[in-house]
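Visitor: Predicted model follows, preceded by the sequence.
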Amino acid sequence: MPIYEYRCGECGYQKEYLQRMSDAPLTDCPECGKRALNKLVTAAGFQLKGTGWYATDFRNGGVKPAAKDKAADGAKPAEISSKEPSTGDAACGTGACPACG
């Protein structure tokens, strides 16, 4: 069951509640009794683990473990190329392009 965080718009009371996703949102503040309790938008408290997620598969610059073995045998891993600024653009390194900004 997910944990939802609520805050009262009148008195500022704030608390987390364990609720089913199908439960109706709470509206009555347990502190002041007014109907001003609002559900807050908060970050989810979970972590993605295992293969297929960024932390395990792409941490090493996009090189998969099988490609790393080939690199050890003398093969060069693929490199990510950046777009060179065109003649009218400011030179890279000045903070003018998205890569520097």
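Guide: Received the coordinates, thanks.

Visitor: Same question for stretch 26-41: list its buried residues.
Guide: By 16 or more other C-beta atoms under 10 Å, the buried positions in stretch 26-41 come out as Leu26, Cys29, Ala36, Leu37. All C-beta spots, glycine's among them, are computed from the backbone N, C-alpha and C.

Visitor: Low-confidence stretches in the protein?
Guide: Across the chain, the ranges flagged by pLDDT under 70 are 50, 52-101.

Visitor: try 50 this time
Guide: Applying pLDDT under 50 to the chain flags residues 71, 80-87.

Visitor: so what's Gly45 up against?
Guide: By C-beta atoms under 8 Å, 6 or more residues apart in numbering, Gly45 lies in contact with Ile3.

Visitor: so is it in a helix, a strand, or just coil?
Guide: With DSSP: H, G, I helix; E, B strand; the rest coil as the basis, Gly45 sits in coil.

Visitor: Give me the phi and psi angles of it.
Guide: Here the main-chain torsion angles of Gly45 (degrees, to the nearest 10) amount to phi -100, psi 70.

Visitor: how close does it sit to Leu26?
Guide: Using C-beta to C-beta, to the nearest Å, Gly45 is found at 19 Å from Leu26.

Visitor: Next: Phe46.
Guide: According to C-beta to C-beta, Phe46 and Leu26 sit 23 Å apart.

Visitor: same thing with Pro2?
Guide: 13 Å.

Visitor: Identify the contacts common to those two.
Guide: Shared contacts of Pro2 and Leu26, defined by C-beta under 8 Å, 6+ apart, are found at Gln19.

Visitor: Could you identify the most distant pair in the buried residues of stretch 26-41?
Guide: Leu26 and Ala36 (10.9 Å; C-beta to C-beta).
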